[in-house]
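Trainee: Coordinates for the following, if possible.
(one chain, ligands or ions: 1)
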Amino acid sequence: MKKNDSSLYQSLIVGDFAGEGDLIQLITDDEEDEQSRLEDYAEDIPILSVRNTVLFPGVVIPITVGRQRSIKLVKKAHKGDKMIGVCAQTNPNNDDPGWDDIYHVGTIAKIIKMIVLPDGNTTIIIQGKKRFKIRETITEDPYFQAKVDYLDETFPEGNKQITALEESLKEAAAKILQLNPEIPREAQVALDNIDNTAFLTHFLSSNINAPVEAKQKLLEINDGLDRATLLLEFMMKDIQMLELKSEIHKKVHTDIDQQQRDYFLRQQMKVLQTELGEEGPEKEVEELRLKGRKKKWPEEVGKHFEKELDKILRVNPSAAEYPIALNYAELMVDLPWNEFTKDNFDLKRAKEILDKDHHGLEKVKDRIIEYLAVLKLKNDLKGPILCLYGPPGVGKTSLGKSVAKALGRKYIRMSLGGMHDEAEIRGHRKTYVGAMPGKVIQNMKKVQTSNPVYVLDEIDKLSADFRGDPSSAFLEVLDPEQNNAFVDNYLEVEYDLSKVLFIATANSLESIQPALRDRMEVIEVTGYTMEEKVEIAKKHLIPKQRKEHGLKAKDINFDKAAIVKIIEGYTRESGVRNLERQVGTVIRNVAKSIAMEEDYQKKITAEMVRKTLGGELFDKEIYQDNSVAGVVTGLAWTSVGGEILFVESSLSKGKGKLTLSGQLGDVMKESAMTAMSYLRSKADQLNIDNRVFDQYDLHVHVPAGAVPKDGPSAGITMLTALASLYTQRKVKAKLAMTGEITLRGKVMPVGGIKEKILAAKRAGIKDIILCKRNQKDIEEIHERYVKGVNFHFVDNVNEVLDLALLNQKVDNPVKFTFEENHKSVHT
Ligand SMILES: Nc1ncnc2c1ncn2[C@@H]1O[C@H](COP(=O)(O)OP(=O)(O)OP(=O)(O)O)[C@@H](O)[C@H]1O
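Mentor: Numbering: from 1, shown residues only. Next up, the predicted model:
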């Protein structure tokens, strides 16, 4: 026997079969009359086994009858009293159930209508009357027949609890109707018309969405209150399920709606864009594809690019990924891939250009020309990268530019000062918000050729921190073995940097990461002498500044003394950057006069320089006289070049206390103490009264007091100063010295010789004392720089003192007075 799923809907179908209004009428049959007739069937009632449904008293349901046994039963009953017992099958799939396969509690029902459909199927409409329990089985053949006992139902009408339950059941039913759109609205009307609580529970039990076992359980409960409670429980579960379903449904629905909306809007946008003649993603992608075809990139890069374009087409233009994908593809086509400028290997011309742009720097230029010669012959740059090293403003960066000019290559410069984030060099992965390629790739995009001269400025200023070590990223950039496959995190594909001519610049070699320094060929660019600076100013800086200020050669002309004045009074540097700036200031002043049509003097003199630039910023680093004992000129190295410094010392009555001032570092303090100890040990040799060490306080000072100083190189200067002080002997005029001392009186070599020599020369020094082992440094310096200076190379301090101290007392020597030592006598 087949029956559609049980639901409120099915009950209403009954209404259709029975005609409108029948439902109500059937439900309100005269109970009393029925009861008396029912007893007649209790001793032999045909039992119809039904699948998937449980019939409740009062409820009307349609049942399609298919099995032969059932058809026989139905036809027979229909002809007779129309009364049948209805029991649910325990297993709905059992086509030939026996007594054990049906529930033994069922409902006696009346066949209201029997319809034989044209396809031969028979549908009956039955109404449940009263529950029964099979007392005794009679036969299974030709259909089930049994003796039954009717089950009475206890239902306390009017009880408060039952009224509340009834309300709850109705509310739950209304909620189910509301949540389940498949149930016709009319069901609510049917529900509203039920005013009998017992029938309400039967009606709802029959129609709730629950398995047969659950419904059978409800049927078997005799206590109406218990049944109503269990029913409410089932209904609440159903509501929860329905609510969940509806939520899921709503969500799925909104998702689909959103997609449809987007699709619709996109279509509209396309139409509008076409009408406005604007580009849509297709057009943009097509343009990129065309550009991509012209690129000489490796095959895998081409494939990767095509994939990226496909990705753009798949992405919604209003999605955040769209501009990211587009920018990426644009970067790929904007980058140069194997696009080279032709090198000009006319080395004579290259030399001319270097000479024209830079005065001096012969050794550096020669080295650069050698480098270019190898490049010409081998046409392969697998050699070390050049690193120009030297003080600021000596033309390292501009030399790089000249190399580009000489070779006919494009020039790009990247300043590495203060860069501490590896991502600045290598870029961020595309997945980061606002990701960009690193500076190396950005600059390649800017320069538009694959073989530029790429100046890496201030490679010594790269600093490592928690964001990674940028030096290690540069290892890859600068390593000729690796840089043909440089990987930028943003670009993802390998990029060939092997044809780029990298030139690094640095102020100090110490702070360059050792592995990085190893990959570079270091060329030292030293500072300039006064004469060279004057030449550079005349030939390069003045014409350059003049041009920048819009003046002609006839408008202004510098006196040599004026240039010297600027160099000495207003700059203190190894290079010429400040000189250029000060020259610029003087020229600007003239430009102002010309523009305001004032009278002005074309020839710039030292006097005019003073007027324009104001009082001198720096005292001339000049040797000071030797009339005072205890003052000696030393030489120091700073990051802006060499300097002369003075070690001053004085004695005052006291108890042999040593005071050091002038912001001296530990090493320098130790030098002073070493010098002191050495002198004490050699006091007799130098005719120093030993008592002076105990009865006089010594003060050593190194001006300028505000500038911190450190290093061992002032050792011999200190010793000489103290020797002069204690002996009150004059120090040789125009003498300077630099060297470390040991306690045994040995003189050790020191660094920064070239800068120191230049500083000494600037200061008018004629004699310089150096350690013997520093002789080789002097030999490397061009003769021109050392002309007019006598070098004295020494091994030990005796030689220093012999050279430095004259056998002549200073003009007003201090006369030491001593108190007698009171020795205590013990007996
Ligand atoms: N020998 C020279 N001949 C002509 N001009 C020079 C010479 N040396 C330096 N200059 C000029 O001095 C200025 C400063 O030079 P540049 O910027 O190249 O210095 P740098 O050594 O790279 O300094 P930094 O270490 O601070 O980067 C430039 O205008 C440059 O043209």
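Trainee: near the ligand, which residues of this structure?
Mentor: 358-361, 392-398, 457, 505, 507, 536, 540, 575-577, 580 (Cβ under 6 Å from any ligand atom). Backbone N, C-alpha and C define where each C-beta goes, glycine included.
Trainee: Restricted to helices, list the residues you listed.
Mentor: The members of the residues of the chain next to the ligand that map onto helices under DSSP state H are 396, 397, 398, 536, 577, 580.
Trainee: May I see these organised as a markdown table, with distance to residue 554 added?
Mentor: Formatted as a markdown table, these follow (distance: Cβ to Cβ, whole Å):
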| residue | distance to residue 554 |
| --- | --- |
| 396 | 33 |
| 397 | 31 |
| 398 | 27 |
| 536 | 22 |
| 577 | 27 |
| 580 | 22 |
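Trainee: hmm, which of those are the buried ones?
Mentor: Buried members of those, counted by 16 or more other Cβ atoms under 10 Å: 396, 397, 536, 577, 580.
Trainee: Quick check: buried residues in stretch 320-337?
Mentor: 322, 324-333, 335-337.
Trainee: quick one: low-confidence parts of the stretch 551-700 of the chain?
Mentor: By pLDDT under 70, the low-scoring segments of the stretch 551-700 of the chain are 617-626, 639-641.
Trainee: all helices of it, in order?
Mentor: Counting by DSSP state H, counting those that start in this stretch, one finds helices in the stretch 551-700 of the chain at the ranges 560-570, 577-595, 606-613, 666-681, 691-695.
Trainee: can you check the stretch 351-500 of the chain too?
Mentor: Listed in chain order, the helices of the stretch 351-500 of the chain (DSSP H, counting those that start in this stretch) span 362-378, 396-407, 422-426, 439-447, 470-478.
Trainee: Select, out of the ones you listed, the one closest to residue 613.
Mentor: Residue 613 lies closest to helix 396-407 among the helices of the stretch 351-500 of the chain, at 24.3 Å (Cβ to Cβ).
Trainee: Just put the buried ones among the ones in helices among the residues of the chain next to the ligand in CSV and tack on distance to residue 692.
Mentor: As requested, those are exported to CSV (distance: Cβ to Cβ, whole Å):
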residue, distance to residue 692
396, 51
397, 55
536, 51
577, 49
580, 52
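Trainee: which one among those gets closest to residue 657?
Mentor: Using Cβ to Cβ, the shortest approach to residue 657 within these belongs to residue 577, at 44.7 Å.
Trainee: dump the residue contacts of the residue in the chain positioned nearest to the ligand.
Mentor: At 2.6 Å from the ligand, residue 395 is the closest residue in the chain, using Cβ to the nearest ligand atom. Residues in contact with residue 395 (Cβ atoms under 8 Å, 6 or more residues apart in numbering) are 358, 361, 525, 575, 576.
Trainee: Phi and psi next, for it.
Mentor: Dihedral angles of residue 395 (phi, psi; degrees, to the nearest 10) stand at phi 100, psi 20.
Trainee: so which strand or helix has residue 336?
Mentor: Counting by DSSP states H and E, no helix or strand carries residue 336.
Trainee: from here on, count from 35
Mentor: Yep, numbering from 35; the last one is residue 370 now.
Trainee: mind showing which ranges of the stretch 335-484 of the chain have poor pLDDT?
Mentor: For the stretch 335-484 of the chain (pLDDT under 70), the answer is 414-418.
Trainee: number of nearby residues for residue 205?
Mentor: Using other Cβ atoms under 10 Å, residue 205 has 13 other residues around it.
Trainee: Let me know the pLDDT of it.
Mentor: Residue 205 carries a pLDDT value of 89.
Trainee: and if you look at residue 309?
Mentor: For residue 309, the model assigns a pLDDT of 66.
Trainee: how about residue 772, what does it touch?
Mentor: Applying Cβ under 8 Å, 6+ apart, the residues near residue 772 are 668-670, 747-748, 750-751, 784, 787, 790, 802-804.
Trainee: Make CSV out of those residues and add secondary structure, distance to residue 413 and neighbour count.
Mentor: Shown next, in CSV, are those (DSSP: H, G, I helix; E, B strand; the rest coil; distance: Cβ to Cβ, whole Å; neighbours: other Cβ atoms under 10 Å):
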residue, secondary structure, distance to residue 413, neighbour count
668, strand, 51, 25
669, strand, 46, 29
670, strand, 47, 23
747, coil, 47, 27
748, coil, 52, 31
750, helix, 53, 31
751, helix, 54, 28
784, coil, 44, 24
787, helix, 39, 24
790, helix, 43, 28
802, strand, 47, 25
803, strand, 51, 25
804, strand, 46, 25
